[in-house]
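Undergrad: sequence and predicted structure below; questions after.
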Amino acid sequence: MEKLHQDIKQMVDHVTIPDEKLHSTVQNALLKATKKEKQTHIKKHHIIAAIASIFVMAFGVLLFQSYEEIASGDHSKKSILFQNGDEGLQRMVMEGKVQDLSLEVEDQGIKVLLKEGYIDNSKMAVSIQIIPDSTITFPEHTSLTYEWLLDGEPIGPPGSERIPTEELISNGYIYIDIYTNFPPTANLEFHISKINEVEGNWSFQFQLSKNEEFIVESNFEVKQDAFGNSLQIIRAELTPSELNLVTNVNLFLDEAVSGFQDYKLAIVGVGSDGERYIPSQVMSTFYDTPRVDGKQGFYRNMKLPRGVNVYSYLIVPYIITYQGEKVTSAYGEGYNYDHYSVPFAEDEIIGAENPIKVEKIKQESDRTVVTYEMDLGVPEFPYIHNRDTEEMTYPISYRSDGSTIEVSYPKIETTKGLEFFMYIKTYQKFPGLQTEINLN
């Protein structure tokens, strides 16, 4: 819930949301509710049209190790930034770049703890926890009224947050500010003046040292293919925890006879050993009709967590068309997407039009590796679905030897309820626009 709360805050502030986690939350909930061979993908742009003209979703490159493997260390188990943060903050915790604060102030029977802090040129993140006196009853959501100061001067106007109380007390909360003009050593003050209806003085003074790495590049060549499609990387900014890309893509779109179309931009982290880390994708739905005439422009400003420490990225634009039926749910208007599912076993064939053959399944100490025989026109791979728990496991990296693709997933315990899962979809590909950038 904390991650979802933080994702929604980022949507309002930056119009950027991790798509994979939000998408999987909706889909898994629908799986549990319906137990059907179809899933619902909500047209989220209908829901937040009042917030932004376009709903942009981004999810970060996943850490290569499984969550359980990473969280085995005592420090990460105690770290709110690790437990509730995105993949970029998790990596900062693991690499020791997050500073321990261990500050607490008690007033009016309410104790406020500042646990950790992190600053670079893309964000400030501070973890907060509240411990109320047993005699104080909190509502379902807790409101905080606060102010931040840098060197005695306010960082913007006073702010407020409305946070699920159970999360704030049990798991902690991550405050993120996209203010970026921090000096190498930031002298910070954090003043909370009101918690729900209780006025008090919960004030903190502390220093945070900024992680200085900051790579900015804007001298990229515009890619254009023989059909007039083009991809322009306007600007790239890289900090230890985040990659920020500004892109402008113009595409001549094939008209879909049926189905629901999405634009996707895959951002694949390229490791020096040949490992490619499954992409951060940016997706924005089209209008009510899937039929789009002529050229369509897609200008995007994407903030992507850096879950792996790579400096090269492969950028792949494409159009995806899903098949299914239109539905209405509590979330808004959407589609039930048709999908393929086959047993989690070797020699299975997934799909019909562009079949994927499962060549080999190998269990390693920290991952499950599946070898597929498939066309790698776009970096999309089957999910692994547990029918008993309705959990979906997503791929985290891949490598290719030319004829087969080895795809790594977090470690999966083999049970009878496992199956390969993939939506029925077709792609309009633009191979002439694929671009690799190096920010070293």
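TA: Yes, it's here.

Undergrad: drop to CA atoms for contacts and neighbour counts, all remaining ones
TA: Fine.

Undergrad: sketch out the low-pLDDT regions of the stretch 101-250 of the chain for me.
TA: Along the stretch 101-250 of the chain, no part satisfies pLDDT under 70.

Undergrad: which parts of it are helices?
TA: All helices of the stretch 101-250 of the chain, identified by DSSP state H, counting those that start in this stretch, fall at 165-166.

Undergrad: which residue ranges form the strands in it?
TA: 110-119, 124-132, 141-150, 153-154, 159-164, 173-177, 185-195, 198-209, 215-217, 223-224, 230-238, 242-252 (DSSP state E, counting those that start in this stretch).

Undergrad: now do the second one against strand 173-177: the angle between them, please.
TA: Okay, so that is strand 124-132. 150 degrees (axes from the mean of the first three to the mean of the last three Cα atoms, to 10 degrees).

Undergrad: with the fifth one instead?
TA: Counting by the same axes, to 10 degrees, strand 159-164 points 150 degrees away from the direction of strand 173-177.

Undergrad: what's strand 159-164 packed up against?
TA: Contacts defined by 3 or more Cα pairs under 8 Å, 6 or more residues apart in numbering; DSSP states H and E place strand 159-164 against strand 141-150.

Undergrad: what is the strand it packs on packed up against?
TA: Using 3+ Cα pairs under 8 Å, 6+ apart: strand 141-150 touches strand 159-164, strand 185-195.

Undergrad: related to what we said a few turns ago, for residue 336, which of the strands of the stretch 101-250 of the chain is the nearest?
TA: strand 242-252 (26.6 Å; Cα to Cα).

Undergrad: strand partners (parallel or antiparallel) of the closest one?
TA: strand 230-238 (antiparallel), strand 295-305 (antiparallel) (DSSP bridges).

Undergrad: may I see the buried residues of the longest one?
TA: Looking back up the chat, that one is strand 295-305. Across strand 295-305, burial judged by 16 or more other Cα atoms under 10 Å covers 300, 301, 302, 303, 304, 305.

Undergrad: for those, which one is nearest residue 273?
TA: Nearest to residue 273 among these, counting by Cα to Cα, is residue 305 at 20.8 Å.

Undergrad: from residue 168, how far off is the closest one?
TA: Residue 305 sits 23 Å away from residue 168 when distances are taken as Cα to Cα, to the nearest Å.

Undergrad: cool, and residue 347?
TA: Residue 347 is 47 Å from residue 168, by Cα to Cα.

Undergrad: ok, residue 401 next?
TA: 47 Å.

Undergrad: I'd assumed residue 359 was in contact with residue 347.
TA: Yes: Residue 347 sits in contact with residue 359 when judged by Cα atoms under 8 Å, with a separation of 5.6 Å.

Undergrad: between the two, which one's more packed in?
TA: residue 359 (18 against 14; other Cα atoms under 10 Å).

Undergrad: packing partners for the strand or helix carrying the more buried one?
TA: Secondary-structure assignment from DSSP states H and E places residue 359 in strand 356-363. Under the contact criterion of 3+ Cα pairs under 8 Å, 6+ apart, strand 356-363 touches strand 349-350, strand 367-373.

Undergrad: residue contacts, residue 395?
TA: 278, 381, 382, 383, 407, 408, 409, 410 (Cα atoms under 8 Å, 6 or more residues apart in numbering).

Undergrad: count of neighbours near the fourth one?
TA: Translated: residue 383. 17.

Undergrad: cool, and the fifth one?
TA: Neighbouring residues of residue 407 were enumerated by other Cα under 10 Å; the total is 24.

Undergrad: pretty sure it is touching residue 371, no?
TA: Yes: using Cα under 8 Å, residue 407 is in contact with residue 371, at 6.2 Å.

Undergrad: residue 387 is nearest to which of the strands of the stretch 101-250 of the chain?
TA: Closest among the strands of the stretch 101-250 of the chain, using Cα to Cα: strand 159-164, at 30.1 Å.

Undergrad: and for the closest one, what's in contact with it?
TA: 2, 5, 140, 141, 142, 143, 144, 145, 146, 147, 173.

Undergrad: one more pass at 7 Å, please.
TA: 140, 141, 142, 143, 144, 145, 146, 147 (Cα atoms under 7 Å, 6 or more residues apart in numbering).

Undergrad: can you mark which positions in it are buried?
TA: Neighbour-count burial for strand 159-164 [16+ other Cα under 10 Å]: 163, 164.

Undergrad: name every strand pairing with that strand and say which way it goes.
TA: strand 141-150 (antiparallel).

Undergrad: in the strand it pairs with, what's buried?
TA: For strand 141-150, the neighbour count (16+ other Cα under 10 Å) marks 142, 143, 144, 145, 146, 147, 148, 149, 150 as buried.

Undergrad: now render those as CSV, adding distance to residue 252.
TA: Formatted as CSV, the buried residues of strand 141-150 follow (distance: Cα to Cα, whole Å):
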residue, distance to residue 252
142, 48
143, 48
144, 48
145, 49
146, 49
147, 48
148, 47
149, 49
150, 48
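
Undergrad: what two of those residues are the furthest from one another?
TA: 142 and 150 (25.5 Å).
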